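J.: Here is my input; please provide its structure:
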Amino acid sequence: MTNTAAPATVKNTRNYSTAWILSLLLGSLGIDRFYLGYVGLGVLKLVTGGGFGIWWLVDLILILTGSLRGVDGAVLEGYEKDKKVSWIICAVIGALSILATILVVFLAILWASSPAMMQAD
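T.: Modelled structure (predicted):
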């Protein structure tokens, strides 16, 4: 006799917003991978500093697009509800980072070209 019962569905206990915030703030330490259940990848990400920043950015994008799932293969809970807010926040943080970088470069050029820097002692 064969078992015709439907397989038990895996209840997802991992939340999209939690994974996104962990990835944004602590992703370079691999905390997002630990949270999703990928312990080995979390350790590797920790010792490489988030893959020298590249892996951190890739994981953040994967979480934002809903492509990165928990180790059990389940979609992160709350993705559809919270994705718009997380995209907006990441866009604002990215724009502010670019503006801050431009400001620092401008001030460094201005400081380096000031008359006080040109005087020889």
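
J.: going forward, measure contacts between C-alpha atoms and count neighbours the same way
T.: OK.

J.: Show me where the chain has its strands.
T.: Under the criterion DSSP state E, the chain carries no strands.

J.: show me where pLDDT drops low in it?
T.: Within the chain, the stretches with pLDDT under 70 are 1-12, 116-121.

J.: which helix of it spans the most residues?
T.: In the chain, taking DSSP state H as the definition, the longest helix is helix 79-112.

J.: ok now it, how far from the chain's centre?
T.: 14 Å (Cα atoms, centre = their mean, to the nearest Å).

J.: can you check stretch 48-60 too?
T.: When distances are taken as Cα atoms, centre = their mean, stretch 48-60 is centred 8 Å away from the chain's centroid.

J.: about what we covered before: tell me which residues in the longest helix of the chain are buried?
T.: By neighbour count with 16 or more other Cα atoms under 10 Å, helix 79-112 contains the buried residues 79, 83, 86, 90.

J.: so what's residue 16 up against?
T.: Counting by Cα atoms under 8 Å, 6 or more residues apart in numbering, residue 16 touches 63, 76-79, 82.

J.: How much space separates it from residue 85?
T.: Residue 16 is 12 Å from residue 85, where distance means Cα to Cα, to the nearest Å.

J.: Kindly report the same for residue 108.
T.: Using Cα to Cα, one obtains 35 Å as the distance from residue 108 to residue 85.

J.: now residue 44
T.: If you measure residue 44 against residue 85 using Cα to Cα, the figure is 30 Å.

J.: just residue 24 next, same as before
T.: 14 Å.

J.: cool, and residue 99?
T.: Distance from residue 99 to residue 85, by Cα to Cα: 21 Å.

J.: And residue 28, by the same measure?
T.: Taking Cα to Cα as the measure, residue 28 falls 22 Å from residue 85.

J.: State the distance from the residue nearest the centre of the chain to residue 104.
T.: Residue closest to the mean C-alpha point of the chain, counted by Cα atoms, centre = their mean, is residue 60 at 3.0 Å. According to Cα to Cα, residue 60 and residue 104 sit 25 Å apart.

J.: the helices in the chain, which residues?
T.: Counting by DSSP H, the chain has these helices, from start to end: 16-26, 31-36, 39-47, 49-52, 54-65, 79-112, 115-118.
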